[in-house]
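Trainee: Quick one, what's the 3D model for this:
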Amino acid sequence: MGSSRPIRGCSQVRESADGLEVETGQAPEVSVIWLHGLGADGSDFVPLVPALASEVPVRFLFPHAPRRPVTINDGMVMRAWYDVLALEGSRREDETGIRESARRIEALIAAEMARGVPPARVILAGFSQGGAMALHVGLRHEARLGGLLVLSAYLALADTAAAEASATGRRASIFLAHGTEDPLIPVGRARKTRDSLAALGCAVEYHEYPIGHTVSDSEVVDLAAWLVRHIDGR
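Mentor: Numbering: from 1, shown residues only. Predicted coordinates for the structure are as follows:
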């Protein structure tokens, strides 16, 4: 059984073992699936919801990643969309974990569609690992989604993106933001991701901020403006 708790500006909040679900009004017309970063959980970005005001009722989904051992953290078990095997180079990405989590996220999209929300009104968002997963799924999804909001992340399995991107994924609208002082994911990797996405044909709105591996107030203002435009259709 899930539980409920109040959040300012939200009509309904549900919490379960799978994550949190926040509705900003009755009969939501848009779904935002927000994916957290390594070691966090679905509650990490729930406090941002009041800052993302829209005239349209929105359902925010904040799923928890599964718990798994993470190699770079000495095998410690934590919530992670996939294992991180190394910090150097391409990070020796865990392709099996990435594709497993992609199926989980696809199932979330399908569930929202079953609730009456069309793909064009589903937005994938994420921070760090969650942002990498948002990009991975959004580029490959058969139907065009409402947009991808990607913070402090990168293009996972970059060598496969061009071959696997769907025709609709290549036209994705993407908000991509990164800190110039990020010690975990260097800003150069974000710039390379921006260029790769543009080469695929995606419409990328790119921002940099003088911050580390985090989110700043000015970044929230910018991402909120982008999100409201895509939610309200303006």
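Trainee: contacts for stretch 105-123?
Mentor: 28-33, 35, 59, 61, 63, 124, 133-134, 137, 141, 143-149, 227, 230-231 (Cβ atoms under 8 Å, 6 or more residues apart in numbering). For the C-beta atoms, the positions are set from N, CA and C on the backbone; glycine is no exception.
Trainee: Repeat that for stretch 46-62.
Mentor: Against stretch 46-62 from outside (Cβ under 8 Å, 6+ apart): 7-11, 19-34, 36, 42-45, 108, 112, 117, 220, 224, 227-228, 231-232.
Trainee: Quick one, which of those are buried?
Mentor: 7, 10, 19-25, 28, 30-34, 36, 42, 44-45, 108, 112, 117, 227-228, 231 (16 or more other Cβ atoms under 10 Å).
Trainee: among those residues, which are in strands?
Mentor: Assigned to strands by DSSP state E, the following of these qualify: G19, L20, E21, V22, E23, V30, S31, V32, I33, W34.
Trainee: From what I see, the last one and G130 are in contact.
Mentor: Just to be clear, that refers to W34. Yes: using Cβ atoms under 8 Å, W34 is in contact with G130, at 7.3 Å.
Trainee: Can you flag which of the contacts of stretch 105-123 belong to helices?
Mentor: M133, A134, V137, L227, H230, I231 (DSSP state H).
Trainee: which one of those is nearest W81?
Mentor: Closest approach to W81 among the ones in helices among the contacts of stretch 105-123 (Cβ to Cβ): M133, at 5.0 Å.
Trainee: Could you measure from the closest one over to I33?
Mentor: Relative to I33, M133 is positioned 10 Å away (Cβ to Cβ, to the nearest Å).
Trainee: which residues of this structure fall in helices?
Mentor: Counting by DSSP H, the helices of the chain are 95-114, 129-140, 158-164, 187-200, 217-232.
Trainee: and the angle for the fourth one with helix 129-140?
Mentor: Think helix 187-200. 10 degrees (axes from the mean of the first three to the mean of the last three Cα atoms, to 10 degrees).
Trainee: How about the last one?
Mentor: What separates the directions of helix 217-232 and helix 129-140 is an angle of 30 degrees, with the same axes, to 10 degrees.
Trainee: what comes into contact with helix 217-232?
Mentor: 30, 32, 48, 51-56, 58, 123, 125, 146-147, 149, 151, 173, 175, 177, 205, 207, 209, 211, 234.
Trainee: Likewise for the shortest one?
Mentor: Taking contacts as Cβ under 8 Å, 6+ apart, the residues outside helix 158-164 that touch it are S90, L139, R140, L155, T193, S196, A199, L200.
Trainee: Now for this structure, the helix or strand with the poorest mean pLDDT.
Mentor: strand 3-4 (a mean of 44; mean pLDDT, DSSP states H and E).
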